[in-house]
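A.B. asks: Pasted the sequence and its predicted model underneath.
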Amino acid sequence: MMRYMGLWLLPMFLLGCVSTEKPEIPPAWAKSMSSPKQGCIDLSGTYHNAGESSGTRKYYLSQFFEYFIPSSAFLKHAWVDNIKLSNVHEGKFTITFNSKDKVAYQVTWLQGKDFTCQAQYIQKEVSFMPSNPLAIAKHTSITAFTKAEDGALLVDDFDKETGVAFVVIPYQEKHYKYYRYPAITNTP
C-alpha cells in the first residue's frame, strides 16, 4: 500500500512545480498606448461594464473593484452600466459606478495604500490565505489597468497560489487573463 502511495505522490509533486508562461494580448485587440515618461498613466474615461476576455467567459469591470464596495452593493454586477475612471490627482484615483445614467456608487483609491502608480499602468495587489483544510497556501492577485490605442481599458489579471497540499506536496498555480472594456464615446 505504501509503495502505491509513493507512486501517486511523485506525479503530484512534479505537477506542483509546473509553471505556465504569460500569454500575449489577443492579436485582434488594439495594443497598449505608449505611456508618459513619468507619472501615472491617464486612465480617465467612461467604459462599458461588460467586456471581453482572452478566455471564453464574460467578465464585468466592476468585479475588479469589489474589494472596495460594501458586499450588499455587489449582489449582481449587471446593475452597473458603465464605470468612469478619473485621472490620478494628488494620489487619489476615483472610480464611479453608473446605473441608468446616474451615479450609483463612487469610491476613491489612495496611492500607496490601494494602488501603485506606474507610467504604463495602475496596479492593484491583493494577497490572502485561503481557507482550505487540505492545504496551506498564499493567494496573490495582481491586476494592472492600462489603456489601448483605440481608447479601450485593458486589464491584465494575474493570480498565483503557492502552498503545500496534504502538508507534504508543494504546489504552485498561475493564471493569466486579459480583459478589454470599450470606451463610451459621448456624442453631441
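C.D. replies: On my side now, so go ahead.

A.B. asks: contacts, neighbours, all on C-alpha from now
C.D. replies: Will do.

A.B. asks: now the strands for this structure?
C.D. replies: Here the chain has its strands, by DSSP state E, at 45-48, 50-53, 59-60, 82-85, 92-99, 102-110, 116-117, 122-128, 135-147, 153-165, 169-181.

A.B. asks: Just put those in TSV and tack on mean neighbour count and distance to Trp29.
C.D. replies: Below are the strands of the chain laid out as TSV (neighbours: other CA atoms under 10 Å; distance: least, CA to CA, whole Å):
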stretch	mean neighbour count	distance to Trp29
strand 45-48	21	16
strand 50-53	19	10
strand 59-60	20	16
strand 82-85	22	20
strand 92-99	19	24
strand 102-110	14	28
strand 116-117	18	24
strand 122-128	16	20
strand 135-147	19	11
strand 153-165	19	9
strand 169-181	19	8
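
A.B. asks: Nearest to Ile25, out of the ones you listed?
C.D. replies: Among the strands of the chain, strand 169-181 comes nearest to Ile25, with 6.6 Å by CA to CA.

A.B. asks: Could you tell me the angle between the closest one and strand 135-147?
C.D. replies: With axes from the mean of the first three to the mean of the last three CA atoms, to 10 degrees applied, the angle from strand 169-181 to strand 135-147 works out at 20 degrees.

A.B. asks: Just list what strand 169-181 packs against, helices and strands only.
C.D. replies: Judged by 3 or more CA pairs under 8 Å, 6 or more residues apart in numbering; DSSP states H and E, strand 169-181 is in contact with helix 2-16, strand 50-53, strand 153-165.
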